[in-house]
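Student: Pasting the sequence and the predicted model now:
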Amino acid sequence: MAYNTVPFHGKVCRVEKNNVAMDYAEGWSLSVTLDMADSSRSGQDWKEALPGQAGWSGSFSGKFVAGNTEQKAFFDNLVAATPGVKLTDVKFLLDVSTNAFTGNIFITGFQIAPSLTEVVKFTCNFQGDGALTLTLAA
């Protein structure tokens, strides 16, 4: 299989919910980590470790437009009377094609930042639930 042979450009990376790209996005970030347990013992000069569980989290940001259906769905997920509903329809697009990271998320927080000199912006934080998948168009 042949995959992309040049880097993706950030200007086309967007967050998609329910197969619709969220409008007014400014960017997203993902952080994937692997827990490591120290398995060192006496007499060693170098530490040893055993791999544990992997996890992921991140954030996305944009210009706040509460009338945008996809934005509102993220805010409602946390502000609703029963927050903490797992979102299973979110993609972190690398381009306008099928190149994307996908996985289930929980919205863990969001910040709204009004300013006298700029439009109102938001940042939404999330925690991944289960595996993160990278899908690349062949």
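Tutor: Received, thanks.

Student: who's in contact with the most centrally placed residue in the chain?
Tutor: Central residue of the chain (CA atoms, centre = their mean): G58, 4.3 Å from the mean position. Applying CB atoms under 8 Å, 6 or more residues apart in numbering, we find G58 in contact with 28-31, 92, 125-126, 128. Placement of C-beta: from N, CA and C, glycine included.

Student: distance of it from Q44?
Tutor: Distance from G58 to Q44, counting by CB to CB, to the nearest Å: 36 Å.

Student: thinking again about what came up before, quick one: which of the contacts of G58 is nearest E48?
Tutor: Closest approach between the contacts of G58 and E48, by CB to CB: S31, at 25.0 Å.

Student: Count the residues that sit near the closest one.
Tutor: S31 has 10 neighbouring residues, counting by other CB atoms under 10 Å.

Student: so it bridges to which residues?
Tutor: Counting by DSSP bridges, S31 is bridged to S57.

Student: can you pull the contacts of it?
Tutor: Contacts of S31 (CB under 8 Å, 6+ apart): 56-58.

Student: re earlier: what two of the contacts of G58 have the greatest distance between them?
Tutor: For the contacts of G58, the maximum inter-member distance is 13.7 Å, found between F92 and N125 (CB to CB).
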